[in-house]
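> Could you look at this predicted model? Sequence included:
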Amino acid sequence: MSVLEMKVPSPGESITEVEIATWLVKDGDYVEKDQPIAEVDSDKATLELPAEQSGIITLKAEEGDVVQVGQVVCLIDMDAARPEGGAPAAEAPKTEDAPKAAEPAKQEAPKPAAPVAAPQTYATGAPSPAAKKILDEKGMAAGQVSGTGRDGRITKTDAELAAVPALGGSPMTATGARTTTTTKLSVLRRKIAQRLVSVKNETAMLTTFNEVDMSEIFRLRKLYKEEFAQKHGVGLGFMSFFTKAVTRALQMYPDVNASIDGDFKINYDFCDISIAVSGPKGLMVPVLRNAENMSFSGVEANIKDLATKVRDGKITVDEMTGGTFTITNGGTFGSMLSTPIINPPQSAILGMHNIIQRPVAVDGQVVIRPMMYVAMSYDHRIIDGKESVGFLVAVKEGIDNPVEILMGGDERKGLGL
């Protein structure tokens, strides 16, 4: 008998363990070569585990188990014949067990639930004047308190000791479902939580704010969006403008494009921009490598490709490793203002927000403009206030006046048209 031991492959450098998030097959199923059989979570991404050969599979790990890279997680019997019709070999016995599993539930069903609106131990005695005052202050009815006085009378002490019902109604009046669900956090979510807490504890994080006028970007998108899409095959979005504005500002303020390593500061002469993307498994930050050299269409095409991979669960660890600065857009979810948390080991992050038509003063006149608040969180250990404010002002300049600042004065040429 030829049995293949399937081991956990290495998802990437520095990753030594993964968690079995979901088995996509059952013990005893027949699997085809390259068929996805499991999803595994690392501290950076969720990846699919494909079958290395065809055959009957035997699982050696449970969902939720943390396994080491190189550990055997399943066996595949390569000599086993494919079941007729491709049906899994382990499903047949389940039909006989189903009625037996249902019998205990039938025996318990007739037991009626006790009515919640009829407390059995509460007294019917009236409260004393002092007790009534206390109950009124607590917002409680006399029927909710058990009296210890003569004939069940509610004393002052009874009222003082009475517990105030929880907000939303007391157990006497609650009639809706009150169930809870407990699930284990994935390795990815736990790692994100650890990193966020460590950032708050280990950095001197501050946030500075500004606002940008999106009028010119609105004009350019309206004027050129169809021609841009026809020529480049991608839409002209907001993110390309912000990425170009950020890479320009990073070159003007190099300490924002740096990180701390112990007692040393590392400055990068390239701009690898991490773009926060919301996916089924949580927030991912794929990286645009050397974004300072990308055109508007190049930024849009790369972001589209990476975002699709995140949402389809196809993103790799290498595509999310590194990054010297992060851009996150909470505005897509309606956020007006926030203080984004730095993505370690980076030293700064830019937060975009929703766009609102607001009255602003322009040349002494009040006009309505599409405005956005922007926020930059930074590590004050290596970035001073002057650099942080100057950086954000440089980003604002690029967004307020993209033709002159980002396109060299020629909007068609700047967009590659």
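Arrived safely, thanks for sending. Numbers count the residues shown, from 1 in each chain.

> so what's Gly331 closest to, chain neighbours aside?
Once flanking residues are discounted, Gly331 sits nearest to Asn354: 4.0 Å by Cβ to Cβ, 6 or more residues apart in numbering. (C-beta placed from N, C-alpha, C; glycine too.)

> Would you confirm that the one you found contacts Ser338?
No. In this structure, Asn354 is not within contact of Ser338 by Cβ atoms under 8 Å, at 10.5 Å.

> and for the two, which residues touch both?
Common neighbours of Asn354 and Ser338, using Cβ atoms under 8 Å, 6 or more residues apart in numbering, are Gly330.

> okay, the residue nearest to Trp23 when sequence neighbours are not counted: pLDDT?
Computed as Cβ to Cβ, 6+ apart, the closest residue to Trp23 that is not its neighbour in sequence is Ala38, at 5.2 Å. For Ala38, the pLDDT comes out at 88.

> Ala38 pairs with what?
Beta bridges link Ala38 to Trp23, Leu49, judged by DSSP bridges.

> what number of residues lie near Asn290?
Other residues within reach of Asn290 by the criterion other Cβ atoms under 10 Å amount to 12.

> In contact with it, which residues?
Neighbouring residues of Asn290 by Cβ under 8 Å, 6+ apart: Phe270, Cys271, Asp272.

> If we use 6 Å, what do you get?
Each residue near Asn290 by Cβ atoms under 6 Å, 6 or more residues apart in numbering is listed here: Phe270.

> Could you shift the numbering so residue one becomes 7, and keep it that way?
That works, and once the first residue is 7, the last one we named lands at Asn296.

> Which pLDDT value belongs to it?
At Asn296, pLDDT is 95.

> average pLDDT for the helix or strand where Gly396 lies?
For Gly396, the host element (DSSP states H and E) is helix 391-406. For helix 391-406, mean pLDDT is 95.

> which other helices and strands contact it?
For helix 391-406, the packing partners by 3 or more Cβ pairs under 6 Å, 6 or more residues apart in numbering; DSSP states H and E come out as strand 211-219, helix 244-258, helix 408-412.

> By mean pLDDT, flag the weakest helix or strand of this structure.
In the chain, no helix or strand scores lower on mean pLDDT, DSSP states H and E than helix 100-114, which sits at a mean of 45.

> which phi and psi does Glu166 have?
Main-chain torsions, Glu166, degrees, to the nearest 10: phi -70, psi -40.

> quick one: pLDDT of it?
Value for Glu166, per-residue pLDDT: 76.

> so what's it up against?
Neighbours of Glu166 in contact, by Cβ under 6 Å, 6+ apart: none.

> mind redoing it with 7 Å?
Ile140 (Cβ atoms under 7 Å, 6 or more residues apart in numbering).
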